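# the following comprises the amino acid sequence and a computationally predicted model.
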Amino acid sequence: MQQEFQIATRGQGLYEFTSELRQWLAGAQLQVGLMTLFVRHTSCSLLIQENADPEVQGDLQAFFARLVPPSNDPSMSYLRHTYEGPDDMPAHIKAAIMPVSLSVPICDGALGLGTWQGIYLFEHRDAPHQRRILAHISP
Amino acid sequence: MQQEFQIATRGQGLYEFTSELRQWLAGAQLQVGLMTLFVRHTSCSLLIQENADPEVQGDLQAFFARLVPPSNDPSMSYLRHTYEGPDDMPAHIKAAIMPVSLSVPICDGALGLGTWQGIYLFEHRDAPHQRRILAHISP
Amino acid sequence: MQQEFQIATRGQGLYEFTSELRQWLAGAQLQVGLMTLFVRHTSCSLLIQENADPEVQGDLQAFFARLVPPSNDPSMSYLRHTYEGPDDMPAHIKAAIMPVSLSVPICDGALGLGTWQGIYLFEHRDAPHQRRILAHISP
């Protein structure tokens, strides 16, 4: 069973879509299985993170912005893939560090997430993008 | 087929549970399949790493402690989610960098691990925690 | 359905094997499923990245070489696992940061990759290695 999810992003940051996934799963009436998510892009990531305190999301974004500064920052002058904008190559690097695919077991008909876990798309580009995520359920 | 594994951690570090997984798999008498692991927390990680020289585990911990210092370190003064302790936000960041889910093919009735690969829970918090990992076997 | 792929590496860098995977999938005549890849080593990674501009691959390698310098670099003097060469412990660290397993849904008989996505082995060691990747297809 497969479904494509689309997320319209408005710049760098985390976009939660746990409830969309739960709604889809509810329609499937499946008790046990495995849900795998795959993002079809190389400049954003999937991430499971705390969805309680929104400051966690801000701090995650701040950390990765410091770890991988824009390519016009003097510390990044060694980068050569710069013609798509100063946020492009850093986006590819962040997409190498954080997941392109994730799998979550389905137990008793629900996603087996922990109490504080939410599922996010982490957008690494500045401009708005339409992001596509494939979701697949295996037995 | 699903099973929950629990690991009692005693501070930051790597806790191997390959043998517990092998024992569970032996009971399943399954020849071919896919084992997926999912950790139900946002402040620890799953990791497959060398299980030969224990200094590798110490070095991994040392590297990530330097990459993501505690939030009371002057270099991390930009972090805002600090009320759960100086090790909490760094734990969320490490949990974004290292896997929340892992999949290992089952071949000839055994985990398809390489010679030196072991499966670990990587605890990022200082205090003892009871960590829960969901294991799912797909055909 | 499982297959082992072998890649002969000639030093650090990215080695694409998307076409080998597509060829194997074509033989399977499967319309819908999930392909999971698992690398049986602790000093290289799997990576899905842009396969359009080869400078992206060079920049990725350059970033990770700076993030995790060789163990004989003064900044890495805290590392203790050094007897396998200055590139060994950094390889284990990079293997903790980037994926050991990846899953890609199969849609309409093809890998559900985005337009610019290619699948790579990222070799972190300097010497040539024969790398083994297990591929598993679940329904």
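Great, that's in hand. Numbers count the residues shown, from 1 in each chain, chains lettered A, B, ... in the order given.

# check contacts around A:Leu102.
The contact partners of A:Leu102, taken as Cβ atoms under 8 Å, 6 or more residues apart in numbering or on different chains, are A:36-37, A:46, A:48, A:119, B:100-101. Any C-beta I mention is one placed from the backbone N, CA and C, and that applies to glycine too.

# which residue ranges of chain A form strands?
A:2-9, A:13-16, A:33-39, A:44-50, A:101-107, A:110-111, A:117-123, A:129-138 (DSSP state E).

# ok, back up a step: I'd like the contacts of A:Leu102 as TSV, with pLDDT, distance to chain C and neighbour count appended.
As requested, these are exported to TSV (pLDDT from 0 to 100; distance: Cβ to the nearest Cβ, whole Å; neighbours: other Cβ atoms under 10 Å in any protein chain shown):
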residue	pLDDT	distance to chain C	neighbour count
A:Thr36	98	5	25
A:Leu37	98	9	24
A:Leu46	98	11	21
A:Ile48	98	15	26
A:Ile119	98	15	25
B:Val100	98	12	26
B:Ser101	98	8	24
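
# leaving out the residues flanking it, which one is nearest to the closest residue to chain C within chain A?
Nearest to chain C in chain A, going by Cβ to the nearest Cβ, is A:Arg40, at a distance of 3.3 Å. Distances taken as Cβ to Cβ, 6 or more residues apart in numbering or on different chains put C:Gly114 closest to A:Arg40, at 3.3 Å, once the chain neighbours are dropped.

# got the contact list for that neighbour?
Counted by Cβ under 8 Å, 6+ apart, C:Gly114 has contacts A:40-42, A:132.

# phi, psi for it please.
Per-residue torsions, C:Gly114: phi -70, psi 170 (degrees, to the nearest 10).

# these two touch, right, A:Leu134 and A:His41?
No: counting by Cβ atoms under 8 Å, A:Leu134 stays clear of A:His41, with 11.2 Å between them.

# what does chain A put close to chain C?
A:2, A:34, A:36, A:38, A:40-42, A:67-68, A:78-81, A:89, A:92-93, A:95-97, A:99-101, A:103, A:132, A:134-136, A:138-139 (Cβ under 8 Å from any Cβ of the partner chain).

# what pairs with A:Glu4 across the strands?
Beta-bridge partners for A:Glu4, by DSSP bridges, are A:Leu134.

# correct me, but it touches A:Arg132?
Yes: contact criterion Cβ under 8 Å: A:Glu4 and A:Arg132 qualify, at 5.8 Å.

# compare these two (neighbour count), which wins?
Between A:Glu4 and A:Arg132, counting by other Cβ atoms under 10 Å in any protein chain shown, A:Arg132 is the more crowded of the two (16 against 12).

# any idea of the pLDDT on the more buried one?
pLDDT, the model's per-residue confidence, is 98 for A:Arg132.

# what's the answer for A:Ala28, then?
89.

# next one: the one 4 residues further on
Taken from the predicted model, the pLDDT recorded for A:Val32 is 97.

# the residue of chain A found nearest chain B and B:Glu4, how far apart?
Closest contact between chain A and chain B, by Cβ to the nearest Cβ, is at A:Gly114 (3.3 Å). Note on A:Gly114: its distance to B:Glu4, by Cβ to Cβ, to the nearest Å, is 11 Å.

# buried sites along the longest helix seen in chain A?
Longest helix in chain A, counting residues (DSSP state H): helix A:54-67. Residues A:55-65, A:67 are the ones in helix A:54-67 that count as buried (16 or more other Cβ atoms under 10 Å in any protein chain shown).

# rewinding a little: give the buried subset of the residues of chain A next to chain C as a ChimeraX selection command.
In ChimeraX, this line selects whichever of those come out buried by 16+ other Cβ under 10 Å:
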select /A:2,34,36,38,40,41,42,67,68,79,81,89,92,93,95,96,97,99,100,101,103,132,134,135,136,138
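
# farthest residue from the center of chain A?
Going by Cα atoms, centre = their mean, the residue of chain A most distant from its centre is A:Pro74, 28.0 Å out.

# pLDDT value on that residue, please?
pLDDT, A:Pro74: 98.

# what's the spacing between it and A:Glu55?
Relative to A:Glu55, and taking Cβ to Cβ, A:Pro74 is found at 29 Å.

# to what extent is A:Gln29 buried, counted in neighbours?
7.

# okay but it is in contact with A:Gly109, surely?
Yes: the pair A:Gln29 and A:Gly109 qualifies as a contact (Cβ under 8 Å) at a distance of 7.3 Å.

# between the contacts of A:Leu102, which sits nearest C:Arg22?
Of all the contacts of A:Leu102, C:Arg22 sits closest to A:Thr36, with 19.2 Å by Cβ to Cβ.

# just confirm A:Pro99 contacts B:Pro99, I think it does.
Yes: under the criterion of Cβ under 8 Å, A:Pro99 makes contact with B:Pro99 at 7.2 Å.

# what touches both of those two?
Joint contacts of A:Pro99 and B:Pro99 (Cβ under 8 Å, 6+ apart) are C:Pro99.

# tell me which parts of chain A are close to chain B?
A:32-34, A:47-50, A:53, A:55-56, A:58-60, A:62-64, A:66-67, A:97-99, A:102-105, A:107, A:112-114, A:116-117, A:138-139.

# one more pass at 6 Å, please.
With Cβ under 6 Å from any Cβ of the partner chain as the criterion, chain A meets chain B at residues A:34, A:47-50, A:53, A:55-56, A:59-60, A:62-63, A:97-98, A:102-105, A:112, A:114, A:116-117, A:138.

# angles on the backbone of A:Val32, please.
phi -130, psi 140.

# who's A:Gly13 bridged to?
Here A:Gly13, judged by DSSP bridges, has bridge partners A:Glu123.

# fine, thanks again, bye for now.
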